[in-house]
Each structure stands twice: as structure tokens, then as C-alpha cells.
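>>> Pasting the sequence and the predicted model now:
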Amino acid sequence: MQPPDAFVLDRRAVRAAFDRASATYDAAAVLQTRVRDELLSRLELLRIAPQVVVDLGCGTGQGTRALKDRYRSAMVIGLDPAPGMLRETRRRSGWLRPLHRVCGDACQLPLRDGTVSLMFSNLMLQWCDDLDAALAEIRRVLAPEGFLAFSTFGPDTLRELRSAWAAADGGTHVSGFRDMHDIGDALTRAGLSEPVMDVERLTMVYPDVAAITRDLKVIGAHNATAARARGLTGKGRWRAMTDAYERQRQAGLLPATYEVVYGAAWGTRGRPAAPARDGEVRIPVHAIRRRKP
């Protein structure tokens, strides 16, 4: 079980962590690169010629560069709350195929209504504690015939680390991650059309706990929950956590599980948002129609 306070994030801490990690991110972001490449490959089946493409949570701009290479005539914008990440993105910009950069928050996008043809977001939405607000902003800026493609993390992510800390103390040390079905419901509440979701589980292996936490640190994935302890972790609690993690060692290595959720949806296509009622999202029959080929 994930405690409720694991979903409440300190946004300033999130921004500061990724700002500090901008220079070291690419060297350690093996999983993030793998997921980004998979998300990009899924766009190959999409027959669109977007005019405006936004890489939401662009990080160091590798995805932004790939999107510009694919959609050469489009304006491609890398948007991220961390200035350091945008500085790295600038290094990938070229005179013939420039990358535009915008510093902004996913919950308050500095973009005009209905102007984005393609919204691409790789492993960013888990850093939005108010998912409904973020998706409402995506709905607002996405053109009615626009397309959203994203990846995020599901609740099995870092389950080994979460359980190890639970054995050491009662604090919140790992952010909460939403279930795929909850994300799908949120897409529907936002009024986005024809949402499609799927999930895959990936396991990274490490020689010790220090290597796991070091990898998380250099990509900026610190504990940024609002309920986190502000002081240094005591040696006793750290030892209790590492001892608990060691009990999960397999074939000489420590596993770190990642549940990757992939999602896609079209813009509103004139369909109004469907508010949740008694835990159920209700859509009028006349609003359900197949997309024309």
C-alpha cells in the first residue's frame, strides 16, 4: 500500500532536484532512454503532420531533438520547469532545425488554447501530484484533433525500495505512483478522447543499495514528498533499510522494479469533460464514436 502523503509533492524540491541533475542526467538515465525510445517508436504508426509539437517535461532535450528530426516542418518546443534541463536542451538545438525552449509548469502551461498538434511526455506525469490539473491543461492547449502520447510510472515502481524503507521506519521515502486505471479515468475526466493504456514491467539490477540510490540521485529522482524528513538519515535507519533490501537479493544482485505505463489519447473532438459521479465516469452515448480513418 502507498500512503496518501506519498502523492503530495514539494514542487520546489522537484524542480531544484532536476535542475541540479541536468549535467549528470543523461549518463545515468538508461531506463528513461529505453522508455523514451519505445514511446517514440509508437508514433511511427501515427499518420499526422503536426504543426506544433510539445515535449512536456523535456529534460535534457533528447526526445525534443528526436521529435524535430521526425517532424522537420513543425515547431518543436521543449518545456520543462528546470532551467538547467533547458540549458542542456539548447545544446541540441541547431541553426537549420532549431528547438524552442519554454520554462513552465505542467499544471499551468504557458501556451495558448488549442494550439498544440502533438503533446509528447516521457516519464513526467508522475511528478504532477495534481494529475487532474495537468491533464486539464493538456486538454486546454491540445487542438481538438491533436494527439497526446505519454509514459509514466505505475504503483509497482521501486516496490523493493519502498518495502525496505517500510521495514526500517514509518516515514515516506518513495513517491506514490498511480494505477493505470486511475490514469485512464483521469484522461476521461479531462475530456480527452479514445484513451488507450498499456503497461510493461522492467527490472534493473544493482550490486548494492548504494548504487540504486546513487542512480536515483544523479537523475534528480530524489524523495520530494512533502512529508519527507528534512534531516539526514541516521546510520541505524539506513542500516535497517539496507538489511531489509538485502533480503531481496536475487542471483547475487538487487532488483529495482519499474512499472511503466504508456498512454495515448486524442483531443476533445468537441466532447465535453465527463465528471466523476460516485466513483464512476459517465459518458453520454452520443459522445462515443469511432475516429474516422
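Nice, I can see it.
>>> Please make it C-alpha for all contacts and neighbour counts, starting now.
Fine.
>>> The closest residue in space to residue 198 that isn't next to it in sequence: neighbour count?
With CA to CA, 6 or more residues apart in numbering as the criterion, residue 198 has its nearest non-adjacent residue at 5.4 Å, and that residue is residue 262. By other CA atoms under 10 Å, 23 other residues sit near residue 262.
>>> Residue 262: which element?
Taking DSSP states H and E as the criterion, residue 262 maps to strand 254-266.
>>> Which residues are in contact with residue 177?
Contacts for residue 177 (CA atoms under 8 Å, 6 or more residues apart in numbering) come out as 7, 126, 153-157.
>>> Kindly present these as a markdown table, with separate columns for secondary structure.
Shown next, in a markdown table, are the contacts of residue 177 (DSSP: H, G, I helix; E, B strand; the rest coil):
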| residue | secondary structure |
| --- | --- |
| 7 | helix |
| 126 | helix |
| 153 | strand |
| 154 | coil |
| 155 | coil |
| 156 | coil |
| 157 | coil |
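>>> Which of those are buried, as a PyMOL select command?
The buried residues among the contacts of residue 177 can be selected in PyMOL (16 or more other CA atoms under 10 Å) with this line:
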select buried, resi 7+126+153+154+155+156+157
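>>> Distance to residue 170 for the contacts of residue 177 - can I get that in CSV?
Converted to CSV, the contacts of residue 177 look like this (distance: CA to CA, whole Å):
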residue, distance to residue 170
7, 16
126, 22
153, 23
154, 22
155, 18
156, 19
157, 19
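>>> what separates residue 181 from residue 197, distance-wise?
8 Å (CA to CA, to the nearest Å).
>>> In the protein, what residue spans correspond to strands?
In the chain, the segments counted as strands under DSSP state E are 52-56, 75-80, 100-103, 116-122, 142-153, 193-206, 254-266, 276-277, 280-281.
>>> The ones you listed: which one's closest to residue 135?
Closest to residue 135 of those, according to CA to CA: strand 142-153, at 10.1 Å.
>>> distance between the closest one and the chain's centre?
In terms of CA atoms, centre = their mean, to the nearest Å, the centre of strand 142-153 is set 12 Å apart from its chain centre.
>>> just stretch 53-65 next, same as before
Distance of stretch 53-65 from its chain centroid, counting by CA atoms, centre = their mean, is 12 Å.
>>> Quick one: end-to-end length of that stretch, please.
11 Å.
>>> and what of stretch 161-180?
First-to-last distance for stretch 161-180 - CA to CA - comes to 21 Å.
>>> hang on, the earlier thing: take the contacts of residue 177 and write them to TSV, including distance to residue 21 and pLDDT.
As requested, the contacts of residue 177 are exported to TSV (distance: CA to CA, whole Å; pLDDT from 0 to 100):
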residue	distance to residue 21	pLDDT
7	22	57
126	17	93
153	20	96
154	23	95
155	24	94
156	24	95
157	21	94
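>>> ok, the contacts of residue 177 vs residue 17, which is closest?
Closest approach between those and residue 17, by CA to CA: residue 126, at 14.7 Å.
>>> give me every residue that touches that closest one.
Going by CA under 8 Å, 6+ apart, residue 126 touches 152-153, 177-178.
>>> So residue 212 is in contact with residue 218, correct?
No - contact criterion CA atoms under 8 Å: residue 212 and residue 218 do not qualify, at 10.3 Å.
>>> Give me the more crowded residue out of these two.
Higher neighbour count among residue 212 and residue 218: residue 218, with 21 against 18, using other CA under 10 Å.
>>> one step back: please say which of residue 181 and residue 197 ends up with more neighbours.
Between residue 181 and residue 197, counting by other CA under 10 Å, residue 197 is the more crowded of the two (16 against 12).
>>> Show me what the nearest residue to the more buried one once chain neighbours are set aside bridges to in the sheet.
In space, and not counting its chain neighbours, residue 197 is closest to residue 263: 4.5 Å by CA to CA, 6+ apart. Beta bridges link residue 263 to residue 150, residue 197, judged by DSSP bridges.
>>> contacting residues for residue 263?
Neighbouring residues of residue 263 by CA under 8 Å, 6+ apart: 149-151, 195-198.
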